[in-house]
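Participant: Test case, fold it:
(one chain, ligands or ions: 1)
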Amino acid sequence: MTRRPTTSRGAAPAALAAALLALVALPSTVAAQGTDGRGTDGADYPFVPTPPEVVAEMLEMADVSGRDTVYDLGSGDGRIVVTAASRYGAAGLGVELDSSLVAEARQRAAGEGVGDRVRMVRGDLFEVDLAPATVVTLYLLPRTMAKLEAMLFRQLRPGARIVAHDFDMEEWAADSVSQTPGGLGGHATLYLWRVPARVGGTWELSVSGAPAAGERLRLTIDQKFAELRATVTRPGGLRVREARVAGDSVRLEVVADSAADGEATTLAGTVSGARMEGRTAGGAWSGRRVANSDSSLVEWQP
Ligand SMILES: C[S@@+](CC[C@H](N)C(=O)[O-])C[C@H]1O[C@@H](n2cnc3c(N)ncnc32)[C@H](O)[C@@H]1O
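Facilitator: Coordinates of the predicted model:
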């Protein structure tokens, strides 16, 4: 595989997008009847399976192991979840609208001897509780990806990985994008996201060392997926030069206007719900969330 370790957003392969979109554009009666009994359960959606070599790359990209619970949303014949279980020992759930595909997926799981570790359910992927998942796999059309991104961000735990085949999300930029041989257009584009902790809101910070020893600082974070904009309020002039979140790790670079050389203090630590804490070079710091974010994409309980 040629891996592109980049944060740029690659384009979905035109051939595959066209093929999938053309299927969706079929008159609804044709799409609904199918010729092999598929798409008879209200799925106005094509079943286009991910080729085995691309499945393998998706699971490698997500670094799946026996500690993971892999959810495939729109699971088709169950191949991704079954491979995660049989090759890596993961637990899993496949959710699929089409009952004939669900039956096929259950047979596949039984045939591979992983029927006790995976569940294949017939249902709407928008109704699924995603909280137990540590990995989510997706091969869904752009309109579904666009509807799904806020749900993924809100429900998945920090550090969970999402891997998508060929179709990007609308606003949430992937952490990495790679190309791999296989698929309808001869190659597939894979996207990986690591779910960041939800840190949007107003926080009260105490820092035991410079640049604000003994003070209570008010920190406001606006969060859009993995992007943060942070400001800190303090009469003496203090600003946040950089704010980052990755999984449950947070890192703030704070600079006092009085700092002769503009030297920043780094507050690095971990977030857990409405608490964050860590160490600085000269001591410790902690934060308590006291209000939700104005630009709230998130729902959280203080
Ligand atoms: C392109 S196929 C991918 C199948 C499988 N994930 C794979 O990669 O091999 C998309 C599947 O999503 C299913 N699907 C579409 N919308 C769905 C929904 N709202 N809930 C559950 N399944 C859905 C379709 O029936 C179809 O089988």
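
Participant: correct me, but G115 touches R106?
Facilitator: Yes. Applying CB atoms under 8 Å as the test, G115 and R106 come out as touching, 7.3 Å apart. (C-beta placed from N, C-alpha, C; glycine too.)

Participant: Let me see the contact set for the residue of the stretch 1-150 of the chain found nearest the ligand.
Facilitator: Going by CB to the nearest ligand atom, the ligand is nearest to G74 of the stretch 1-150 of the chain, at 2.3 Å. Applying CB atoms under 8 Å, 6 or more residues apart in numbering, we find G74 in contact with Y45, V95, E96, L97, L125, L138, Y139, L140, T144.

Participant: near the ligand, which residues of the protein?
Facilitator: When proximity is defined as CB under 6 Å from any ligand atom, the chain approaches the ligand at 43, 45-50, 72, 74-76, 79-80, 95-98, 101, 124-126, 139-140, 165.

Participant: Buried subset of those, written for ChimeraX?
Facilitator: Those of the residues of the chain next to the ligand that count as buried under 16 or more other CB atoms under 10 Å are selected in ChimeraX with:
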select :43,45,46,47,48,50,72,74,75,76,79,80,95,96,97,98,101,125,139,140,165
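
Participant: Which residues does the residue of the stretch 151-300 of the chain found nearest the ligand form beta bridges with?
Facilitator: Closest contact between the stretch 151-300 of the chain and the ligand, by CB to the nearest ligand atom, is at H165 (5.9 Å). Taking DSSP bridges as the rule, H165 bridges to L190.

Participant: likewise W203?
Facilitator: As for beta bridges, W203 partners with L219, R289 under DSSP bridges.

Participant: The protein: helices as residue ranges?
Facilitator: Using DSSP state H, the helices found in the chain span residues 14-24, 28-33, 52-61, 79-88, 99-111, 142-155.

Participant: CSV for those, including mean pLDDT?
Facilitator: As requested, the helices of the chain are exported to CSV (pLDDT from 0 to 100):
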stretch, mean pLDDT
helix 14-24, 53
helix 28-33, 33
helix 52-61, 98
helix 79-88, 98
helix 99-111, 98
helix 142-155, 95
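
Participant: Having no further points to raise, I will conclude here.
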